[in-house]
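> This is a predicted model, with the sequence first.
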Amino acid sequence: MTTVQLEYIVAVDTYRSFVLAAEKCFVTQPTLSMQIQKLEDELGIKLFDRSKLPVVPTEIGVSVVAQARIIIKENARIREIIADQKKEIQGNLKVGIIPTLAPYLLPRILTGFMKKYPKVKLEIWEYPTEQIMQQLKQELLDCGLLATPLHNPHLEEHPLFYESFVVYTAKSNPLYDKKIVKAEELDIKEVWLLNEGHCMRNQVLNICKDKFTMGDNKNLEYNTGSVETLKRMVDLNEGYTILPELSLQDLNTRQLNMVRYFKAPEPVREISLVTHRHFIKQALIEAFKKEILAHIPDKMKAQKNKKVIDILTE
């Protein structure tokens, strides 16, 4: 039994395909299949039911693969211990980040992080929350930057900061004449929303204390996954939207005059660095976390006078 064979069976379990597993392991499919067959012969069992598509592990295969994942993790920890002893930050770091955060946070931190840690290869994917959670559980990602709490026992959350939600309103909307906005003053018929699948949409609905389909309230139903599009819809039309505070950084003077803050306690989204409960690469992830915090305003790091909005609708 070899570590490589264990990596191969974990890959097949993850991707449920011998062809795709071989591709991800950078070997030919016959090579991967032969090594798994050798392992099965040595153990005297079948690890996978090859008659089914997608391929699934057998009953005993489920237990063996679970143990293989633990062995691979512990093997990786040996390298981590050595790197820590040498005070080196190096290796690959695979990060998932939600699209409503990525364009406003990453440009602040990437250049500085890569200059500080030239031996780190950073791989970043923008995914919706559910996809990041799934890939963290499958260990395809090392960490995620997400709105929390996620209410998932398999994941560990490390809160970083609390980002206020603000109202961005057209001049024609009654909210424009207010200095401070109360949640109960929001008219759900006038709000521009992200489409289904974005946790920020659920948070906005929770702020409005209602659930609705945009098509039930407007003649126009516009489905977007972009915060920037929401801004443009308000700029060129009527109504209002709710934005995360970091997205205000590139607004011009006219647009900043369209921003209204909420009455305390302000609704916020808790942004956390999320890992698998038994994560590795601790030193590397900690360095990434420190770089993020170094570029976040101090007022966002405290939870006082703020109300964390759940990402799940009630």
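Received, thanks. Treat the numbers as computed from the prediction; the structure is a model and nothing was measured.

> Now F26: phi and psi?
phi 60, psi 40 (degrees, to the nearest 10).

> And it, how far from L20?
12 Å (CB to CB, to the nearest Å). Glycine gets a C-beta too; all of them are placed from N, C-alpha and C.

> the more surrounded of the two?
The neighbour comparison of F26 against L20 (other CB atoms under 10 Å) goes to L20, with 16 against 6.

> Can you read off the pLDDT for the more buried one?
L20 carries a pLDDT value of 94.

> Please give the element, helix or strand, for it.
helix 18-24 (DSSP states H and E).

> Strands of the stretch 1-150 of the chain, residue ranges please.
Assignment of strands within the stretch 1-150 of the chain using DSSP state E, counting those that start in this stretch yields the ranges 48-49, 56-57, 91-97, 120-126, 143-148.

> Tabulate those strands in a markdown table, adding columns for mean neighbour count and mean pLDDT.
As requested, the strands of the stretch 1-150 of the chain are arranged in a markdown table below (neighbours: other CB atoms under 10 Å; pLDDT from 0 to 100):
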| stretch | mean neighbour count | mean pLDDT |
| --- | --- | --- |
| strand 48-49 | 16 | 94 |
| strand 56-57 | 17 | 94 |
| strand 91-97 | 19 | 92 |
| strand 120-126 | 14 | 93 |
| strand 143-148 | 25 | 95 |
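
> Including distance to W192, could those strands go into CSV?
CSV is the format used below for those (distance: least, CB to CB, whole Å):
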stretch, distance to W192
strand 48-49, 48
strand 56-57, 43
strand 91-97, 23
strand 120-126, 21
strand 143-148, 19
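
> wait, which of these is closest to K301?
Nearest to K301 among the strands of the stretch 1-150 of the chain is strand 143-148 (15.0 Å), distances taken as CB to CB.

> heading toward the C-terminus, what's the first helix or strand past the closest one?
strand 155-169.

> ends of stretch 128-144, how far apart?
Stretch 128-144 has an end-to-end distance of 11 Å (CA to CA, to the nearest Å).

> which residues sit against it?
Contact with stretch 128-144 is made by 14, 69, 92-99, 125, 127, 146-147, 150, 152, 154-155, 197-199, 273-276, 279-281, 284-285, 288, 311, as judged by CB atoms under 8 Å, 6 or more residues apart in numbering.
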